[in-house]
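*Asks:* Take a look and give me a structure for this.
(2 chains)
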Amino acid sequence: MHLLMAITVGMMYATGLYMMLRRSIVKLLIGLVLLSHGSNLLIFTAAGLSEGNPPLIRPGEDGMVGPHTDPLPGALILTAIVISFAILAFACVLVKRGYEEVGTDDQNAMNTTDQ
Amino acid sequence: MTAQLLASLPLLVPMTGLVLCLVFWRWVALQRGVMVGVALSLSATAVALLLRTTGGEVLAVRLGDWPAPMAITLVVDQTAAIMVLLTAVVAVACTLFSLGGIDRTREHSAYYALLCGLFAAVCGAFTTNDLFNLYVWFEVMLMSSFVLLSLGGRRAQIEGAIKYVTLNLISSTLFLAAIGLTYAMLGTLNMADMAERLAAAENPGQFTPVAAIFLVAFAIKSASFPFFYWLPASYHTPPSVISAVFAGLLTKVGIYVMIRFFGLMFPASHPDAGMIYHIILWLGGFSMVTGVLSAAAQMEIRRILSVHIISQIGYMLMGLGIAGSALHRAANDGDPGGVLAGAAALALAGTIFHIAHNMVVKVNLFLVAGTVERICGSGDLNRIGGLYAARPGLAALFLIPALSLAGIPVLSGFWSKFLLVRAGLVAEAYVIIGVSLFVSVLTLFSMIKIWIYAFWKPAPENAEPHNPDRDPTVGPMRWQYAGSLFLTCVTILIGVFANQAIRAARIGADQLIEPRAYLDAAMDRAGEPASADPASAGEGVAR
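*Replies:* Next up is the predicted model:
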């Protein structure tokens, strides 16, 4: 399972970076989405996968006794998802404005600030 | 006032301001009042923090009162207090400038709320001790800066913002990935806890690849070589006061976090410390040279100033690199209390001093550039001129920070460079010292270029006449002068009271080198506060 997840994360990073290297700004956006989701999966995988052990306190017990999944990575990922959702929503609007201002989605046309 | 409340105030004050600004959405005058209040109370908080931490005390607050390694902890030591103070200084100056220099449309589009959000995030990043919390503050900072940068929606702004957003998101993604790996490896994200677990680890070298990812993430944030391309693409596009806030705060947060993180995780005893600090030294050297050389090619005031940020970041990295390498060598030589350790403390003090000086001076130069653009209608050096004859006061306000940036004696920039060079000479880092002095000369060249073109040269014939004082979309210009004048006074004061400033930076540096008090405060262990006596610098280097 770990191996499968590791390969998935690697593929998401690779695809994301490839998309960002394309000239279209829409693909840049898709690349960013893939990168941030790849990172979330990485946290999920690196913190340890275990099957059938929910991070819950069983009825009648005082704390998490016995085998359980670490609840913290889930919390981290949830926070990261919320943040990346907000930022990607902003980036979508930004890319749309960029398309309206420049008239094309080609990144090569967006070089007026670099001269 | 209790230590807990005081330590959380740098966060609470701008957060309250943010909420109030949103509540007063329709009353811009009230928002201005809130912003002034935030700037002043943040300054008062910072002064109180600085006075509390001067004796070596480290303030800490565990949010939610959870037990020590679990809670998100805000920790304020001398260095963090200095940084919060400088944030407050920037806040005061930029608030003053905004009263006169920001247009009504932006004021109605939550400008002040976004500024408060930015200050809250910066203060949070300066004080937090939790890596994931740091990530959250980075994101809050980015979100505020994204909106501030693209507010207005001109083509140049949108293009700059796309580059800025993309590269900073890559940095955040790397940071997040490194956080995940850290949690898997060390089982904690509390930086103090991490440092202690690493120090006790059997094979601390395992963490080094993760630290390399952190280094790249922080290097992108701090716009150091070779990750700086987002900065010159975007910093000249928004109104000058927004550029000024960015120039003063954003990259400095990256550097501060780098100092904090590597200072804690890679003490001299770590086997890979030599390599890490060597890389940082190289990054610093290249940042200095590339920044200053690209500045020589620019002909627009704010573009020149933007790329100079990169070269100034190089000085800060140089200080950190010299300090870390010297400490590592001292520990290897078995002489942790010797000359090299003293040089390391001096270099780190120089770095803190340089960050402080640079925040003041850089913001001021951007503000003056904004005033110049308002008077002349352009920042292009070929199209403006004659300002010395027309506005001698503005010329003085430009000249003082410009000379300070180049490092002319008595002004603040001289002292920070003096500390760094002196530490470098003792640590025998001659090459990087030579590079830094050469870069200083080129910095002076850039400043003289602006001076000659904008102030001495007669105004070009075809300059379109307009009256900057009667612009209905913005406020009166005297507020812009007030902001610049305030920062100029701070620059001069830092230069005149250099002794006190160096002492404060030195206390901060000693706490960074020997973080016992920081660790105890962050881990909630009651004990004797560590000695802040400069003479005992580097005593516990090989801890």
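*Asks:* So which bits of chain B are right by chain A?
*Replies:* Residues of chain B lying near chain A by Cβ under 8 Å from any Cβ of the partner chain: B:132, B:135-136, B:139, B:142-143, B:146-147, B:150, B:153-156, B:158-163, B:165-166, B:169-170, B:172-173, B:176-177, B:179-181, B:183-184, B:232-234, B:236-237. Backbone N, C-alpha and C define where each C-beta goes, glycine included.
*Asks:* what comes up buried for the helix or strand where residue B:361 lies?
*Replies:* Element membership of residue B:361, judged by DSSP states H and E, is helix B:339-376. Neighbour-count burial for helix B:339-376, counted by 16 or more other Cβ atoms under 10 Å in any protein chain shown, picks out B:340-376.
*Asks:* Show me how far that helix is from its chain's centre.
*Replies:* In terms of Cα atoms, centre = their mean, to the nearest Å, the centre of helix B:339-376 is found 8 Å from the chain centre.
*Asks:* can you pull the contacts of residue B:416?
*Replies:* Going by Cβ atoms under 8 Å, 6 or more residues apart in numbering or on different chains, residue B:416 touches B:315, B:350, B:353-354, B:356-358, B:407.
*Asks:* and if you look at residue B:508?
*Replies:* Here residue B:508 is in contact with B:77-79, B:82, B:348-349, B:352 (Cβ under 8 Å, 6+ apart).
*Asks:* which two in those residues are spaced the farthest apart?
*Replies:* Greatest spatial distance among those (Cβ to Cβ): B:77 and B:349, at 13.7 Å.
*Asks:* And the buried ones among the residues of chain B next to chain A, selectable in PyMOL?
*Replies:* To isolate in PyMOL the members of the residues of chain B next to chain A that are buried, counting by 16+ other Cβ under 10 Å, one can use:
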select buried, chain B and resi 132+135+136+139+142+143+146+147+150+155+156+158+159+160+161+162+163+165+166+169+170+172+173+176+177+179+180+181+183+184+232+233+234+236+237
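*Asks:* Could you list which of the residues of chain B next to chain A belong to helices?
*Replies:* Taking DSSP state H, the ones among the residues of chain B next to chain A that sit in helices are B:132, B:135-136, B:139, B:142-143, B:146-147, B:150, B:155-156, B:158-163, B:165-166, B:169-170, B:172-173, B:176-177, B:179-181, B:183-184, B:232-234.
*Asks:* The nearest residue to residue B:410 once chain neighbours are set aside: neighbouring residues, count only.
*Replies:* The shortest distance from residue B:410 to any residue other than its chain neighbours is 5.1 Å, reached at residue B:495 (Cβ to Cβ, 6 or more residues apart in numbering or on different chains). Using other Cβ atoms under 10 Å in any protein chain shown, residue B:495 has 20 neighbouring residues.
*Asks:* Counting by contacts, list what the one helix or strand residue B:495 maps to packs against.
*Replies:* Element membership for residue B:495 (DSSP H and E) is helix B:478-496. Counting contacts by 3 or more Cβ pairs under 8 Å, 6 or more residues apart in numbering or on different chains; DSSP states H and E, helix B:478-496 packs against helix B:78-101, helix B:339-376, helix B:392-406, helix B:412-426.
*Asks:* want to throw those helices into TSV with distance to residue B:11 and mean pLDDT?
*Replies:* Below are the helices and strands packed on helix B:478-496 laid out as TSV (distance: least, Cβ to Cβ, whole Å; pLDDT from 0 to 100):
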stretch	distance to residue B:11	mean pLDDT
helix B:78-101	10	92
helix B:339-376	19	91
helix B:392-406	29	90
helix B:412-426	28	91
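*Asks:* now those helices as a markdown table including distance to residue B:274?
*Replies:* Listed next are those as a markdown table, based on distance: least, Cβ to Cβ, whole Å:
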| stretch | distance to residue B:274 |
| --- | --- |
| helix B:78-101 | 23 |
| helix B:339-376 | 12 |
| helix B:392-406 | 32 |
| helix B:412-426 | 17 |
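*Asks:* if we can go back for a sec, hmm, the residue nearest to residue B:410 is touching residue B:414, no?
*Replies:* Yes: using Cβ atoms under 8 Å, residue B:495 is in contact with residue B:414, at 7.1 Å.
*Asks:* Common neighbours of these two, please.
*Replies:* Common neighbours of residue B:495 and residue B:414 (Cβ under 8 Å, 6+ apart) are residue B:404.
*Asks:* touching chain B at all, the lengthiest helix in chain A?
*Replies:* Secondary structure of chain A per DSSP H: the longest helix is helix A:71-102. Yes: using Cβ under 8 Å from any Cβ, helix A:71-102 reaches chain B at A:72-73, A:76, A:79-80, A:83, A:86-87, A:90-91, A:94-95, A:97-98, A:101-102.
*Asks:* Point out the other helices and strands that that helix packs with.
*Replies:* helix A:25-46, helix B:131-150, helix B:155-186.
*Asks:* Dump the ones you listed into JSON lines; add distance to residue B:218 as well.
*Replies:* Below are these laid out as JSON lines (distance: least, Cβ to Cβ, whole Å):
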{"stretch": "helix A:25-46", "distance to residue B:218": "16"}
{"stretch": "helix B:131-150", "distance to residue B:218": "10"}
{"stretch": "helix B:155-186", "distance to residue B:218": "8"}
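*Asks:* Same list, the ones you listed, but as JSON lines with distance to residue B:323 and mean pLDDT please.
*Replies:* What follows is the helices and strands packed on helix A:71-102, written out as JSON lines (distance: least, Cβ to Cβ, whole Å; pLDDT from 0 to 100):
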{"stretch": "helix A:25-46", "distance to residue B:323": "32", "mean pLDDT": "91"}
{"stretch": "helix B:131-150", "distance to residue B:323": "22", "mean pLDDT": "92"}
{"stretch": "helix B:155-186", "distance to residue B:323": "23", "mean pLDDT": "90"}
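*Asks:* gap between the most far-flung residue of chain A relative to its centre and chain B?
*Replies:* If you look at how far each residue of chain A sits from its centre, by Cα atoms, centre = their mean, the farthest one is residue A:60, at 37.2 Å. Counting by Cβ to the nearest Cβ, to the nearest Å, the gap from residue A:60 to chain B is 24 Å.
*Asks:* any idea of the pLDDT on that residue?
*Replies:* If you check residue A:60, the pLDDT there is 79.
*Asks:* what's the answer for the one 5 residues further on, then?
*Replies:* Reported pLDDT at residue A:65 in the predicted model: 74.
*Asks:* OK, contacts around residue B:229?
*Replies:* Neighbouring residues of residue B:229 by Cβ under 8 Å, 6+ apart: B:163, B:167.
*Asks:* can you do 10 Å?
*Replies:* Neighbouring residues of residue B:229 by Cβ atoms under 10 Å, 6 or more residues apart in numbering or on different chains: A:114, B:163-164, B:167, B:220, B:223, B:310.
*Asks:* out of those, who's nearest residue B:423?
*Replies:* Nearest to residue B:423, judged by Cβ to Cβ, of these is residue B:310 at 22.0 Å.
*Asks:* Can you pull out the residues in contact with stretch A:19-29?
*Replies:* Here stretch A:19-29 has contacts from A:16, A:18, A:30-35, A:88, A:91-92, A:94-96, A:98-99, A:102, A:104-110, B:162, B:165-166, B:169-170, using Cβ under 10 Å, 6+ apart.
*Asks:* Enumerate the positions of that stretch that are buried.
*Replies:* Within stretch A:19-29, the residues that count as buried by 16+ other Cβ under 10 Å are A:19-20, A:25, A:27-29.
*Asks:* ok so, going back, which one of the helices and strands packed on helix A:71-102 lies nearest to residue B:306?
*Replies:* Across these, residue B:306 has its closest neighbour in helix B:155-186 (10.4 Å, Cβ to Cβ).
*Asks:* what inclination does the closest one have with respect to helix A:25-46?
*Replies:* Counting by axes from the mean of the first three to the mean of the last three Cα atoms, to 10 degrees, helix B:155-186 lies at 10 degrees to helix A:25-46.
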